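Chemist: With the input below, show me the fold.
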Amino acid sequence: MAQLYFYYSAMNAGKSTSLLQSAHNYREQGMQVALYTAAIDDRYAQGVIRSRIGLQESAALFEHDTPFFQPVSRLHQQSPVACVLVDEAQFLSRHQVDELAGIVDELHIPVLCFGIRTDFQGELFPGSSRLLAIADKLLELKTVCTCGRKATMTIRLDESGQVLAAGEQVQIGGNDRYVSKCRKHYRELMRAASR
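Modeler: This next block holds a predicted model:
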């Protein structure tokens, strides 16, 4: 039975690696997958899902208003799609998440979404919020803070490595801009940055 999955975490937990491994597993069985990634994420190249350990694969791009249901339905009619995999799912809109749920419910295709739950200020991203509300399965991928505890929060750094407490919700970056922290250290760092 097809389901809508949301694999979420802080930065550097291996979300893209897990997505690419899932795609590989389906293809090893001779099945077709549809891969999507956010157009806004151009850290490596547009239309590429790339993990920090070096795995990468081409993917279709989505923007805030990109439809999912009709393109996947057309692709599925041409050749059965075994799974839809979405990287950077935090950038999905509420409507897009609902469309992905429609792919599960009406086309009976599993959809696996991978993304960050909250931004650097501890607020839910729109796509993550909707996925948390309606996904059939919620799975947390874990990473660690510098203290060794589970990291659930992400801090943003400026060009000189100082913690930022304010700014736009979306700013694309990698290890040079974001660091995963446990809640305790996140709160301490954000309090100090707010002074």
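Chemist: Look up phi and psi at the closest residue to Arg52 other than its chain neighbours.
Modeler: Nearest residue to Arg52 in three dimensions, chain neighbours excluded: Asn12, at 6.7 Å (Cβ to Cβ, 6 or more residues apart in numbering). C-beta coordinates here come from the backbone N, C-alpha and C atoms, glycine included. Main-chain dihedrals, Asn12, degrees, to the nearest 10: phi 70, psi 30.
Chemist: For Asn12, grab the count of nearby residues.
Modeler: 17 (other Cβ atoms under 10 Å).
Chemist: ditto for Ile103
Modeler: Residues near Ile103, counting by other Cβ under 10 Å, number 22.
Chemist: repeat for Leu139
Modeler: Other residues near Leu139 come to 13 when the count uses other Cβ under 10 Å.
Chemist: Return the set of residues that bridge with the residue nearest in space to the middle of the chain.
Modeler: Nearest to the mean C-alpha position of the chain, by Cα atoms, centre = their mean, lies Gly115 at 1.9 Å. Counting by DSSP bridges, Gly115 forms beta bridges with Tyr8.
Chemist: can you map out the helices along this protein?
Modeler: Assigned by DSSP state H, the helices in the chain fall at 15-28, 69-78, 94-107, 126-134, 183-194.
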